[in-house]
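*Asks:* sequence below, structure please.
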Amino acid sequence: MKANELFHSKEREGMHFHSRKRSRAGIAGFILSMAGTVFFLVLCIVSAGVKGEAGVVIGALGLLVMLLCGIAFRLSLKGLKEHDVYTKLPFAGLLVSGGLFVLLFCLYVLGIQI
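*Replies:* Numbering: from 1, shown residues only. So this is what the prediction gives:
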């Protein structure tokens, strides 16, 4: 098997390996992390609209977004552990969902203290 049969060079995209594939778990984790980010921003806008007095419902929805980020983190990690897959989307999903989870957890702890 020749080297040019295993991969071919593209000008903009670098090397393309034919045996690699996109991880379904990694893509799902990335999509869920983006959805969690959008939901978090919507909750922030709603909470800012009522000057921080949004109530228990918005707080409960924030916990659900934190759960969604935990699931997205797990799926992204699973996608990274797969063999011969592209890692850009799972890694981005891992960073976004992990960061958002930590942020929501800190907000939750601050909310308990007040």
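*Asks:* where does Ser33 land in three-state SS?
*Replies:* helix (DSSP: H, G, I helix; E, B strand; the rest coil).
*Asks:* how many neighbours does it have?
*Replies:* Using other CB atoms under 10 Å, Ser33 is surrounded by 28 other residues. Every C-beta, even on glycine, is put in place using the N, C-alpha and C of the backbone.
*Asks:* same thing with Val57?
*Replies:* Around Val57 there are 9 residues (other CB under 10 Å).
*Asks:* now it: which helix or strand?
*Replies:* Using DSSP states H and E, Val57 maps to helix 56-81.
*Asks:* cool, and Leu94?
*Replies:* Under the assignment here (DSSP H and E), Leu94 is part of helix 88-113.
*Asks:* show me what that helix is packed against.
*Replies:* Judged by 3 or more CB pairs under 8 Å, 6 or more residues apart in numbering; DSSP states H and E, helix 88-113 is in contact with helix 24-49, helix 56-81.
*Asks:* packing partners for the last one?
*Replies:* Packed against helix 56-81 by the contact rule (3+ CB pairs under 8 Å, 6+ apart) you find helix 24-49, helix 88-113.
*Asks:* quick one on the thing from earlier: and the helix holding Val57, how far out from the chain's middle?
*Replies:* Computed by CA atoms, centre = their mean, to the nearest Å, the chain-centroid distance of helix 56-81 equals 8 Å.
*Asks:* do the same with stretch 26-46
*Replies:* How far stretch 26-46 lies from its chain's middle: 8 Å, per CA atoms, centre = their mean.
*Asks:* same check on stretch 98-114?
*Replies:* Distance, centroid of stretch 98-114 to centroid of chain: 17 Å (CA atoms, centre = their mean).
*Asks:* go on, stretch 50-67?
*Replies:* Going by CA atoms, centre = their mean, where stretch 50-67 is centred and where its chain is centred differ by 20 Å.
*Asks:* that stretch: which residues count as buried?
*Replies:* Within stretch 50-67, the residues that count as buried by 16 or more other CB atoms under 10 Å are 54, 58, 61-62, 65-66.
*Asks:* quick one: contacts of it?
*Replies:* Residues from elsewhere that reach stretch 50-67 (CB atoms under 8 Å, 6 or more residues apart in numbering): 36, 39-40, 43, 46-47, 100-101, 104-105, 107-108, 111.
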